[in-house]
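>>> Mind looking at a prediction? Sequence and model below.
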Amino acid sequence: MTQKAVNNAKVLYRLNISRSDVEEAHKIFTKAPFLLETLTNPVVSEEAKEVVLDKIARQSGMPELLENFMKMMCRIGEIGQITDIFNCYYEYWDKMNHILHAKVIYADDKAKEEKEAIQKQLESIYPDEKVVLSEETDASLLGGYVVRVGYEEYDHSYEGKLRRLERKLTGR
């Protein structure tokens, strides 16, 4: 992701377009990858690109603001980053709406029983945020779980405990 994509995502957010409309536009670009190829092709004229975007907007019921945003991205040559812009928009939208994404990595299915306790613990650490957990399994943890929230990691795995014990014993 480039800084331009982040900045354009913030502009898109400030246009007050609903997240569901942005998700619909994202689906269109995901389902039709040739569309992005057409819109980034320098041989295709600006007028032709706008006609394509007009037809898509009309058929999908896309808001005019979103359509104009995509036309502007075409004009300034940033339409090639539209999927990055959408992804940055989701991150920024979540941040502005106090939604915190946490990833829980379990060693096995037994550790999944602790999901509610993990959820409550994160809600107490981040009281102003709505916590959304995603789950993953990694057998290399030996047991327990690891919780990742942004740049922070809460390691409750056996592997992590062994590493901490090793550091204590070796004085590192």
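Yes, it's here.
>>> list the buried ones in the lowest-mean-pLDDT helix or strand in the chain?
Lowest on mean pLDDT, DSSP states H and E among the helices and strands of the chain sits helix 158-170, with a mean of 84. Residues of helix 158-170 classed as buried by neighbour count (16 or more other CB atoms under 10 Å): 159-160. C-beta here means a position set from N, CA and C on the backbone, and glycine is covered the same way.
>>> which secondary structure elements does that helix contact?
strand 144-149 (3 or more CB pairs under 8 Å, 6 or more residues apart in numbering; DSSP states H and E).
>>> neighbouring strands for the strand it packs on, and are they parallel or not?
strand 99-106 (antiparallel), strand 152-157 (antiparallel) (DSSP bridges).
>>> now that strand: mean pLDDT?
In this model, strand 144-149 has a mean pLDDT of 88.
>>> quick one on the thing from earlier: in JSON lines: the strands paired with strand 144-149, plus distance to residue 37.
Shown next, in JSON lines, are the strands paired with strand 144-149 (distance: least, CB to CB, whole Å):
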{"stretch": "strand 99-106", "distance to residue 37": "31"}
{"stretch": "strand 152-157", "distance to residue 37": "39"}
